[in-house]
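Colleague: sequence plus predicted model, see below.
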There are 2 protein chains.
Amino acid sequence: MKARVTVMPKAGVLDPEGKAIGHALGTLGFNGVGEVRTGKIIELELTETDPAAARAQAEEMARKLLANTVIESFRVELA
Amino acid sequence: MKARVTVMPKAGVLDPEGKAIGHALGTLGFNGVGEVRTGKIIELELTETDPAAARAQAEEMARKLLANTVIESFRVELA
């Protein structure tokens, strides 16, 4: 089954890429844009078919490799 | 309102970061991992309060700046 891991910077952590995007949107004429935050999505095709086991496996992958849990939080969705 | 733009490489487009993650997961002992694809999330705080207008604005931002529509597809969700 498919697991989607979403990794976002934690609140309070600087996000220079988001800042740059916000600035660029202003330059392009988009008004009314407040805070911009950027994150990553990792979509994994897992052979595991049990949803609970697949979720546990994806969460372990996130903790060990996909996210830096000091500054980033992650969320796992199954599809 | 908040808009979340998800940008993923189109099917058939090479994703070397995904390949590297898949390889690293194997090295860490995770078995049963098939294809890995990576993408970006951009969360935007918009002052626009009408959902249809906010969606249209976020889609225009995606087409003009956030996504390279030649090789990437995007999806807008409102929250």
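Modeller: Here it is on my side, so go on.

Colleague: stretch A:51-71 and chain B in contact?
Modeller: Yes: counting by CB under 8 Å from any CB of the partner chain, chain B has neighbours in stretch A:51-71: A:57, A:60, A:61, A:64, A:65, A:66. In short, each C-beta sits where N, CA and C put it, glycine included.

Colleague: give the buried residues for that stretch.
Modeller: Across stretch A:51-71, burial judged by 16 or more other CB atoms under 10 Å in any protein chain shown covers A:54, A:55, A:57, A:58, A:59, A:61, A:62, A:65, A:66, A:67.

Colleague: residue furthest from the geometric center of chain A?
Modeller: For chain A, the largest distance from the centre (CA atoms, centre = their mean) belongs to residue A:29, which lies 27.2 Å off.

Colleague: what about that residue, helix or strand, and which?
Modeller: Following DSSP states H and E, there is no helix or strand that holds residue A:29.

Colleague: how close does it sit to residue A:22?
Modeller: 13 Å (CB to CB, to the nearest Å).

Colleague: at the contact with chain B, which residues of chain A appear?
Modeller: A:6, A:8, A:18, A:21, A:24-25, A:28, A:30-48, A:57, A:60-61, A:64-66.

Colleague: could you identify the buried members of the residues you listed?
Modeller: The buried subset of the residues of chain A next to chain B - by 16+ other CB under 10 Å - is A:6, A:8, A:18, A:21, A:25, A:30, A:33, A:36-44, A:46, A:48, A:57, A:61, A:65-66.

Colleague: and the longest strand for chain A?
Modeller: strand A:33-46 (DSSP state E).

Colleague: re earlier: quick check, pLDDT for the residue farthest from the centre of chain A.
Modeller: pLDDT for residue A:29: 96.

Colleague: now swap in the one 3 residues further on and tell me
Modeller: For residue A:32, the pLDDT comes out at 94.

Colleague: contact partners for it?
Modeller: Neighbouring residues of residue A:32 by CB atoms under 8 Å, 6 or more residues apart in numbering or on different chains: B:46, B:47, B:48, B:57.

Colleague: next one: phi and psi at the last one?
Modeller: Looking back up the chat, that one is residue B:57. phi -60, psi -50 (degrees, to the nearest 10).

Colleague: quick one: secondary structure of the nearest residue to it once chain neighbours are set aside?
Modeller: The shortest distance from residue B:57 to any non-neighbouring residue, by CB to CB, 6 or more residues apart in numbering or on different chains, is to residue B:48 (5.8 Å). Under DSSP: H, G, I helix; E, B strand; the rest coil, residue B:48 falls in the coil class.
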